[in-house]
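**Q** What follows is a predicted protein model with its sequence.
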There are 2 protein chains.
Amino acid sequence: MSDTKTRILDAAEQLFGRNGFESTSLRAITTEAQVNLAAVNYHFQSKDALIDAVLERRIGPVTRRRLEMLDVAEADPAGLTLEKVIEAFAAPVVEAAMGQPGLAPLMGRIMATPGAFLERVFLRYMEAVKSRFLPALLRSGVRLPPEELFWRLHFMVGSLAHVLVFAPVMPAMSNGLCQLNDGRAIVNRLVAFCAAGMRAPVEQMEKEA
Amino acid sequence: MSDTKTRILDAAEQLFGRNGFESTSLRAITTEAQVNLAAVNYHFQSKDALIDAVLERRIGPVTRRRLEMLDVAEADPAGLTLEKVIEAFAAPVVEAAMGQPGLAPLMGRIMATPGAFLERVFLRYMEAVKSRFLPALLRSGVRLPPEELFWRLHFMVGSLAHVLVFAPVMPAMSNGLCQLNDGRAIVNRLVAFCAAGMRAPVEQMEKEA
DNA sequence: GTTTAATTGAAACATACGTATGAGTGACAC
DNA sequence: GTGTCACTCATACGTATGTTTCAATTAAAC
């Protein structure tokens, strides 16, 4: 039982997050991991399979924790609040990102990368989340037309994704104003912002000629 | 005056948006543009310079239009509203994306592209925007601690970016529920969501031991 | 019409990539 | 010991990339 596999996963996670999937070469990964180049094709079969493995290792637990937190919130006899639903969506990924430096940009990149790759990954991991959280939002008291609800969920996901994508540069970008050491505080801010957005009155559409 | 340069820019914009910057080869671009391979290194000096040119052609006008709309809003004797500020930020890029199919994914790409590149682009185009919109938010009546204000602006940008990133797949992802033909409607939704988020009461932080 | 500069063309350059190969190494079973 | 197995290693293969070269072509200037 060698930790070569783990070292490859760790290095790949770090470099994928920093430089993207396409621009990270297997040679860069194996150099960083201090492992032979062929090891990656031995333990995984290809670069694509390695990418899948890297994602599975991190997104799997986050998805499970999301659904778990939602279960707890829904079981609360005090009732399901909008804030609890949003927190169940945001907290697991933010907390995971805090504990694992280099994970945030990776998560962010997944959420911000369109195209074939996204469809493969996003549908695999996010379909379950979407199909559970959309009804939960309704059950928490949000009263919106389906279209409006979907757009606002979209905005919410965008806010979260942006936080993750820019996590590495956020302190510098804000001239030190915004730090990332306190994940709870970030989640709280995000929850407050998105809950208010979700509760915004629906814009009346003017008829067009 | 040949349009070779323009044809290269058009093809590059399309392919960069669809497949990303790194994964788009100059050969793919020149083939699509029906132009000789060497033309790209003749008219531009390198692939990096081509990327810069592609971005400048589209982001430049959007940035100018943003500041222009903010000028108009600030000159309004009726006073500067939060909604007007957010609209000045969101409308130009959404409208540009509507008029120029293939632009939205390109904008999205920028957000999803790593470290050094993003910092180069983001700082060049967004610094001016940030330094104008942050004060404008304050002047529009938003009363928030600086740190909270910055985070919420960050969330807002994230919502907008996400809309652009996922523009090509949004109809499919929502099972046809959310369409993109009406840019104004999207901007209105975004403004309503973000304005409410900006006005959310500030979460009181509990002291930690 | 001739000269000059700007542009395009086909081909080659060196380099980097993902992948495959086969020899080598260590541990453990019998 | 002698296999056997999982693993690691150095190296090579084929291909694709960004860039360069220099001749061919076109367009403008005088």
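**A** Great, that's in hand. Since we're looking at a predicted model, the values are computed, not measured.

**Q** okay, which residue is most central for chain A?
**A** For chain A, the residue nearest the mean C-alpha position is A:Met107 (4.8 Å; C-alpha atoms, centre = their mean).

**Q** Which pLDDT does the model give that one?
**A** Here the pLDDT value assigned to A:Met107 is 80.

**Q** Report the secondary structure element holding A:Leu164.
**A** helix A:146-165 (DSSP states H and E).

**Q** and that helix, what other elements does it pack with?
**A** Judged by 3 or more C-beta pairs under 8 Å, 6 or more residues apart in numbering or on different chains; DSSP states H and E, the packing partners of helix A:146-165 are helix A:82-99, helix A:103-112, helix A:116-139, helix A:183-198, helix B:103-112, helix B:146-165, helix B:183-198. (C-beta placed from N, C-alpha, C; glycine too.)

**Q** Swap in 6 Å and give it another go.
**A** For helix A:146-165, the helices and strands in contact under the criterion 3 or more C-beta pairs under 6 Å, 6 or more residues apart in numbering or on different chains; DSSP states H and E are helix A:103-112, helix B:146-165, helix B:183-198.

**Q** Save the ones you listed as CSV, and put in distance to A:Arg152 too.
**A** Formatted as CSV, the helices and strands packed on helix A:146-165 follow (distance: least, C-beta to C-beta, whole Å):
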stretch, distance to A:Arg152
helix A:103-112, 17
helix B:146-165, 9
helix B:183-198, 6
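
**Q** DNA strand C: which of those helices is closest?
**A** helix A:103-112 (15.8 Å; C-beta to the nearest atom of the strand).

**Q** before we move on, back to that, does the helix or strand following the helix holding A:Leu164 reach chain B?
**A** From helix A:146-165 onward toward the C-terminus, using DSSP H and E, the following helix or strand is helix A:170-173. No. For helix A:170-173 and chain B, the contact criterion (C-beta under 6 Å from any C-beta of the partner chain) is not met; the two come no nearer than 7.4 Å.

**Q** average pLDDT across helix A:170-173?
**A** Helix A:170-173 shows a mean pLDDT of 88.

**Q** hang on, the earlier thing: what's the angle between the helix holding A:Leu164 and helix A:116-139?
**A** In terms of direction (axes from the mean of the first three to the mean of the last three C-alpha atoms, to 10 degrees), helix A:146-165 departs from helix A:116-139 by 120 degrees.

**Q** Just give me the neighbour total for the closest residue to A:Ala128 other than its chain neighbours.
**A** Closest residue in space to A:Ala128, ignoring its immediate chain neighbours: A:Thr63 at 6.7 Å, by C-beta to C-beta, 6 or more residues apart in numbering or on different chains. Summarising burial for A:Thr63: neighbours were counted as other C-beta atoms under 10 Å in any protein chain shown, giving 18.

**Q** ok, now the one 3 residues further on?
**A** In terms of burial, A:Arg66 registers 20 neighbours under the definition other C-beta under 10 Å.

**Q** Could you report the pLDDT at the closest residue to it other than its chain neighbours?
**A** Nearest non-adjacent residue to A:Arg66, counting by C-beta to C-beta, 6+ apart: A:Pro92, 4.9 Å away. For A:Pro92, the pLDDT comes out at 95.

**Q** residues in contact with A:Pro92?
**A** Applying C-beta atoms under 6 Å, 6 or more residues apart in numbering or on different chains, we find A:Pro92 in contact with A:62, A:65-66.

**Q** These in helices, which ones?
**A** Under the assignment DSSP state H, the contacts of A:Pro92 contribute A:62, A:65-66 to helices.

**Q** host element of the closest residue to A:Ala88 other than its chain neighbours?
**A** Nearest residue to A:Ala88, sequence neighbours excluded (C-beta to C-beta, 6+ apart): A:Met69, at 3.8 Å. Taking DSSP H and E as the criterion, A:Met69 maps to helix A:47-75.

**Q** Would you mark the buried spots in that helix?
**A** A:47, A:50-51, A:53-55, A:58-59, A:62-63, A:65-67, A:69-70, A:73-74 (16 or more other C-beta atoms under 10 Å in any protein chain shown).

**Q** and that helix, what does it pack onto?
**A** Helix A:47-75 sits against helix A:4-19, helix A:82-99, helix A:116-139, with contacts defined as 3+ C-beta pairs under 6 Å, 6+ apart.

**Q** do that again at 10 Å, thanks
**A** Packing partners of helix A:47-75 (3 or more C-beta pairs under 10 Å, 6 or more residues apart in numbering or on different chains; DSSP states H and E): helix A:4-19, helix A:26-33, helix A:37-43, helix A:82-99, helix A:103-112, helix A:116-139.

**Q** And the worst-scoring helix or strand of chain A on mean pLDDT, how far out from the chain middle?
**A** For chain A, the helix or strand with the lowest mean confidence is helix A:103-112, at a mean of 76 (criterion: mean pLDDT, DSSP states H and E). The chain centroid and the centroid of helix A:103-112 are separated by 6 Å under C-alpha atoms, centre = their mean, to the nearest Å.

**Q** about what we covered before: going by mean pLDDT, which of the helices and strands packed on helix A:146-165 comes out lowest?
**A** helix A:103-112 has the lowest average pLDDT among the helices and strands packed on helix A:146-165, namely a mean of 76.

**Q** Need the CA coordinates for that one. PDB is fine.
**A** This file holds the C-alpha atoms of helix A:103-112, laid out as PDB (Å, rounded to 0.1, in the frame of the first residue of the first chain):
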ATOM      1  CA  LEU A 103      -9.300  23.100  -2.800                       C
ATOM      2  CA  ALA A 104     -11.300  26.300  -3.100                       C
ATOM      3  CA  PRO A 105      -9.800  27.300  -6.500                       C
ATOM      4  CA  LEU A 106     -10.400  23.700  -7.700                       C
ATOM      5  CA  MET A 107     -14.100  23.800  -6.600                       C
ATOM      6  CA  GLY A 108     -14.500  27.200  -8.100                       C
ATOM      7  CA  ARG A 109     -13.000  26.100 -11.400                       C
ATOM      8  CA  ILE A 110     -15.400  23.300 -11.600                       C
ATOM      9  CA  MET A 111     -18.400  25.600 -11.100                       C
ATOM     10  CA  ALA A 112     -17.000  28.200 -13.500                       C
END
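
**Q** between that helix and helix B:115-139, how many degrees?
**A** On the basis of the same axes, to 10 degrees, helix A:103-112 is oriented at 80 degrees to helix B:115-139.
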